[in-house]
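>>> below is the sequence, then the predicted model.
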Amino acid sequence: MTRPARFRSASLAVLALAGAAALASPAAAKTLVYCSEGSPENFYPAVNTTGTSFDANSQIYGRLVDFERGTTNVVPGLAERWEISDDGKTYLFHLRRGVKWHSNRAFKPSRDFNADDVLFAVERQWKEEHPFFKVTSSNHTYFNDMGMPKLLKSVEKVDDHTIRMTLNSAEAPFLSDFAMEYAGIQSKEYADAMLKAGTPEKLDQEPIGTGPFYLVQYQKDAVIRYKAFPEFWGGKAKIDDLVFSITPDASVRWAKLQKGECHVMPYPNPADLDAIRKDANVTVLEQPGLNIGYLAYNTQKKPFDDVRVRKALNMAIDKKAILDAVYLTTGIAATNPIPPSMWSYNKEVKDDPFDPAAAKKMLAEAGFPNGFETDLWAMPVQRPYNPNARRIAELMQADLAKIGVKAEIKSFEWGEYRKRLQNGEHQTGMLGWTGDNGDPDNFLNTLLGCSAAQPGGGNTAKWCNKEFDDLVVKAKAVSDQGERAKLYGQAQVVFKREAPWFTIAHAVQLKPVRKEVVDFKLSPFGRHTFYGVDLK
Amino acid sequence: MLRFALTRLTLIVPTLVGITVLAFFLIRLVPGDPIETMAGERGIDPARHEALRKAYGFDRPLYVQYGVYLERLLHGDLGRSISTSEPVGSEFLTLFPATVELGVAAILFALLLGLPAGIVAAIRRNTILDQGVMGISLTGYSMPIFWWGLLLILLFSVQLGWTPVSGRISVQFFVEPVTGFLLVDTLLAGDRDAFRSALSHLVLPAVVLGTVPLAVIARMTRSAMLEVMGEDYIRTARAKGLPPLRVVGLHALRNALIPVVTVIGLQVGILFTGAILTETIFSWPGIGKWLIEAIGRRDYPVLQGGILLIGAVVMAVNLGVDLAYGLINPRIRHGR
């Protein structure tokens, strides 16, 4: 049998280790084992769509700019500094010098990272005629979703260490967009070599990056092994070996953590949380996630075109009961459409009170003294921001019945559900969002802006309010963060007043970590990166 | 014998074509498509959705897509996974050895315990031993695999610490795959510790996956043995004064094995079904888990290819079983 491609090891180190039985003993090498939840799609982050894939790839690839560990702040990455023109349309990136590429047995780089690599990374996703556009997949999801094809006017190499990007319009979140995983930079020299050898797909299967860890071995559904890259521009990682032990079942991940077979695990089973918290060898790190779960009222359909009806329903639903019964300790009540950890969050905004009597009265004022009939869509699947939509729908249904609103719970297959909801076929429906880049625009404009209210758009309330839209569109073009925060703060006031959603909750991110792990930081994006992490 | 084998082989072809038809059309009846599924909360704009449908060939009429699929299949091309972009055949070959290793271990476990248990139950009919064996096997047969697996992990891995929790080998071992069968590869690498680790990782999943076949084999052996034990030739053998071990082991068991072998052949199909859950619980990188994920992602090429290949394997095993009848019982040698 031919040796399957997946088993081909990716680095020279493998050759040295191939005959060896084991990795160096724990006393000699620090090995951190992360019980990941699944296999990556491949090793080309620009076509990845899952956090699982991003986790696997973010150890390997560098980007022009990065998110500071544990925050949403953008910090220098492969670009050591940058200048933005006064009109906010031109970005001049000064690239870091002396950045080394990993190597593997198929390829040894002859040069350091330079501007050609940045051009390659952008053009591969942008230009259909690029020889690598269709390699692995032409579905460059995030590059498209972040609006890059329309936003980018040109990307030019000024010299080997300077890149100029010109935009068609000012876009304040642009830097954050480039800190996302899809913007990971691959080696153009490696790509050229693979193209010449007739195996362009190897670029995405046996990856070479500039990141803190290089890939040693990947066995689908079993294990991903990395080693610390000694020549990483930021200095060698504190751990020597990083192993992703792929473990799809949450209870089994917990069993492995308990036994010390892994050090960090994502997505614990809520039923195991009590036991996890009691374990003396484990710490549970917690942080409100960058997410929101909500019930959207279709404002283009009667009776939800009337703000009084929306407000009445907001007051009729007992949010605390939903949190207690469904989220347990894994959620906090949501007031605004953005999570409290996000800059520009408006603390002054007060949530609609739970007041069924006032709700009934307001419904009567709106012309529905005896209530009405509506649908209530519930997702068929568990999502990071909503552990059990069906159960929540049942609780909402009972609350609404008390003010005379008869809600019929509906559900569809997940892809179909989202598609129909975004086409506006519902009257009320649950959905949610997990942030991409830590920018409020990624919530407020993406989920509530007029441009997203078209059929198929992400604005599931189909709510187009000029006052709100003007604020978020203006905020997107302003570069001063203080001024942007003010505009977004006002937008949140308009949102609450107009009530296109019943804001349910922000799910809390929980990460059980063994106590010997030092300095593991929760990522607001729910990612798992291990540069900077140490073991006692 | 040869003629029988050839006839059976000829029958395999229309069956495989039937599987391609079922796999191709049934999975397309499931709502949702791979592009929608990939889009998640963010959705996808209709123009881009259409462009991607075109890129994957989903815009063409179903019968045309099926024709293209068959044509590629005849050239040995099973297509590429939509999710990973890897060739389906290569992914299957990577993962299949893990499933085979687990399946063989499970069947061995089921046979080693099931056959003696069935024989003992038949010989000691209507005793506490018989009722005990039958009661336990009925419990085993009714056990939900997911629950059973987690229970064993909690007891043997977490509480007693006898076995590892999950995976195929401890992460400290780095064995270059040669055959894909870890027990073989660790031996080839000459690494005893790695072999021991691989073996210890195999124990619990094999027990879990082997539980249902064990129960079926034990019950089937018992009833077949009971039937045979009532035959005249057994009475004759006893009357001749043959030792009981010889009567049971040679005269009775050999004849009782035929229905048992049939059941073992049928269990292969059931093993694949069980492997889906077992592999998920024990993080076992086999084809069961691969197919489950493909269903969630509506990864049509993986599902079509995976179902076809599994179907082919099940048919091959059952053909082998049919041919094995002749070896067990000369009276039914085919073609005579």
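Nice, thanks for sending it over. Numbering: from 1, shown residues only, chains lettered A, B, ... in the order given.
>>> show me what the helix or strand where B:Thr10 lies is packed up against.
Assessed by DSSP states H and E, B:Thr10 sits inside helix B:2-29. For helix B:2-29, the packing partners by 3 or more Cβ pairs under 8 Å, 6 or more residues apart in numbering or on different chains; DSSP states H and E come out as helix B:62-74, helix B:300-328. C-beta: built from backbone N, CA, C; applies to glycine.
>>> which stretch in the ones you listed has the least confidence?
The stretch with the lowest mean pLDDT among those is helix B:300-328, at a mean of 85.
>>> quick one: that one to helix B:62-74, angle?
Taking axes from the mean of the first three to the mean of the last three Cα atoms, to 10 degrees, helix B:300-328 and helix B:62-74 form an angle of 50 degrees between their directions.
>>> please compute how far helix B:300-328 lies from its chain's middle.
Taking the mean of its C-alpha atoms, helix B:300-328 sits 10 Å from the chain's own mean (Cα atoms, centre = their mean, to the nearest Å).
>>> contacts for the following helix or strand past the helix holding B:Thr10, please.
Scanning forward in sequence from helix B:2-29 by DSSP H and E, the next helix or strand is helix B:34-39. For helix B:34-39, the surrounding residues in contact (Cβ atoms under 8 Å, 6 or more residues apart in numbering or on different chains) are A:49, A:139, A:141, A:414-416, A:418-419, B:44, B:49, B:52-53, B:56, B:58, B:82-83, B:296-300.
>>> tell me which residues in the helix holding B:Thr10 are buried?
B:Phe4, B:Ile19, B:Thr20, B:Ala23, B:Phe24, B:Ile27, B:Arg28 (16 or more other Cβ atoms under 10 Å in any protein chain shown).
>>> who's in contact with the third one?
To tie it back to what came earlier, the one meant is B:Thr20. B:Tyr66, B:Tyr69, B:Leu70, B:Leu73, B:Gln304, B:Leu308.
>>> show me the contacts for A:Asn370.
A:Asn370 neighbours (Cβ under 8 Å, 6+ apart): A:Gly404.
>>> mind redoing it with 10 Å?
A:Leu363, A:Ala364, A:Ile403, A:Gly404, A:Val405 (Cβ atoms under 10 Å, 6 or more residues apart in numbering or on different chains).
>>> what of A:Pro268?
Neighbouring residues of A:Pro268 by Cβ under 10 Å, 6+ apart: A:250-251, A:253-254, A:257, A:275-277, A:284, A:330, A:510-512.
>>> can I assume it sits in a helix?
No. Secondary structure of A:Pro268 (DSSP: H, G, I helix; E, B strand; the rest coil): coil, not part of a helix.
>>> per-residue pLDDT of it, please?
pLDDT at A:Pro268 comes out at 89.
>>> likewise for B:Ala47?
79.
>>> need phi/psi at it.
phi -70, psi -40 (degrees, to the nearest 10).
>>> neighbour count added to the contacts of B:Thr20, as CSV?
Below are the contacts of B:Thr20 laid out as CSV (neighbours: other Cβ atoms under 10 Å in any protein chain shown):
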residue, neighbour count
B:Tyr66, 17
B:Tyr69, 21
B:Leu70, 14
B:Leu73, 17
B:Gln304, 25
B:Leu308, 21
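>>> contacting residues around the closest residue to B:Leu9 other than its chain neighbours?
Nearest residue to B:Leu9 in three dimensions, chain neighbours excluded: B:Leu319, at 7.3 Å (Cβ to Cβ, 6 or more residues apart in numbering or on different chains). Taking Cβ under 10 Å, 6+ apart, we find B:Leu319 in contact with B:Phe4, B:Ala5, B:Arg8, B:Leu9, B:Leu11, B:Ile12, B:Gly265.
>>> per-residue pLDDT, the last one?
Yep, that's B:Gly265 we're talking about. pLDDT for B:Gly265: 79.
>>> in the stretch 51-200 of chain A, what residue is nearest chain B?
A:Thr136 (4.6 Å; Cβ to the nearest Cβ).
>>> assumed that residue was part of a strand.
No. Counting by three-state DSSP, A:Thr136 is not found in a strand; it is coil.
>>> may I have the phi/psi pair for the closest residue to chain B within the stretch 301-450 of chain A?
For the stretch 301-450 of chain A, the residue closest to chain B is A:Gly415, as judged by Cβ to the nearest Cβ, at 3.3 Å. Backbone geometry at A:Gly415, expressed as degrees, to the nearest 10, gives phi -60, psi -40.
>>> okay, the helices and strands packed on helix B:2-29 in JSON lines with distance to A:Lys108 next?
Shown next, in JSON lines, are those (distance: least, Cβ to Cβ, whole Å):
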{"stretch": "helix B:62-74", "distance to A:Lys108": "37"}
{"stretch": "helix B:300-328", "distance to A:Lys108": "34"}
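>>> which elements pack onto the longest helix along chain B?
When chain B is parsed with DSSP state H, its longest helix is helix B:192-229. Packing partners of helix B:192-229 (3 or more Cβ pairs under 10 Å, 6 or more residues apart in numbering or on different chains; DSSP states H and E): helix B:88-123, helix B:128-142, helix B:145-152, helix B:182-188, helix B:232-239, helix B:253-281.
>>> output these as CSV; include the columns mean neighbour count and distance to A:Pro212.
CSV is the format used below for those (neighbours: other Cβ atoms under 10 Å in any protein chain shown; distance: least, Cβ to Cβ, whole Å):
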stretch, mean neighbour count, distance to A:Pro212
helix B:88-123, 21, 28
helix B:128-142, 15, 49
helix B:145-152, 18, 36
helix B:182-188, 19, 30
helix B:232-239, 13, 73
helix B:253-281, 20, 31
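>>> kindly reformat these as a markdown table containing distance to chain A.
A markdown table is the format used below for those (distance: least, Cβ to the nearest Cβ, whole Å):
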| stretch | distance to chain A |
| --- | --- |
| helix B:88-123 | 4 |
| helix B:128-142 | 22 |
| helix B:145-152 | 6 |
| helix B:182-188 | 9 |
| helix B:232-239 | 47 |
| helix B:253-281 | 6 |
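>>> of the ones you listed, give the one that comes closest to B:Phe174.
helix B:182-188 (10.9 Å; Cβ to Cβ).
>>> give me the contacts around that closest one.
A:21, A:222, B:97-98, B:101, B:104-105, B:168-169, B:173, B:175-179, B:181, B:191-199, B:201-202.
>>> need the buried ones from those selected in ChimeraX.
Applied in ChimeraX, the following selects the buried portion of the contacts of helix B:182-188 according to 16+ other Cβ under 10 Å:
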select /A:21,222 /B:97,98,101,105,168,169,173,175,176,177,181,191,194,195,197,198,201,202
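>>> which residue is the nearest non-sequential neighbour of B:Leu22?
B:Ile307 (7.8 Å).
>>> restricting to C-alpha, output the strand or helix carrying A:Gln509 in PDB.
For A:Gln509, the host element (DSSP H and E) is strand A:501-514. In PDB, the C-alpha atoms belonging to strand A:501-514 read as follows (Å, rounded to 0.1, in the frame of the first residue of the first chain):
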ATOM      1  CA  TRP A 501     -34.200  41.900  18.800                       C
ATOM      2  CA  PHE A 502     -34.900  40.400  22.200                       C
ATOM      3  CA  THR A 503     -31.300  40.100  23.300                       C
ATOM      4  CA  ILE A 504     -30.900  36.700  25.100                       C
ATOM      5  CA  ALA A 505     -27.400  36.100  26.400                       C
ATOM      6  CA  HIS A 506     -23.700  36.200  25.900                       C
ATOM      7  CA  ALA A 507     -22.300  32.700  26.400                       C
ATOM      8  CA  VAL A 508     -19.300  32.500  28.700                       C
ATOM      9  CA  GLN A 509     -16.200  30.800  27.400                       C
ATOM     10  CA  LEU A 510     -15.000  28.100  29.900                       C
ATOM     11  CA  LYS A 511     -11.700  26.500  29.600                       C
ATOM     12  CA  PRO A 512     -10.500  23.800  31.900                       C
ATOM     13  CA  VAL A 513      -6.700  23.900  32.200                       C
ATOM     14  CA  ARG A 514      -4.400  21.700  34.300                       C
END
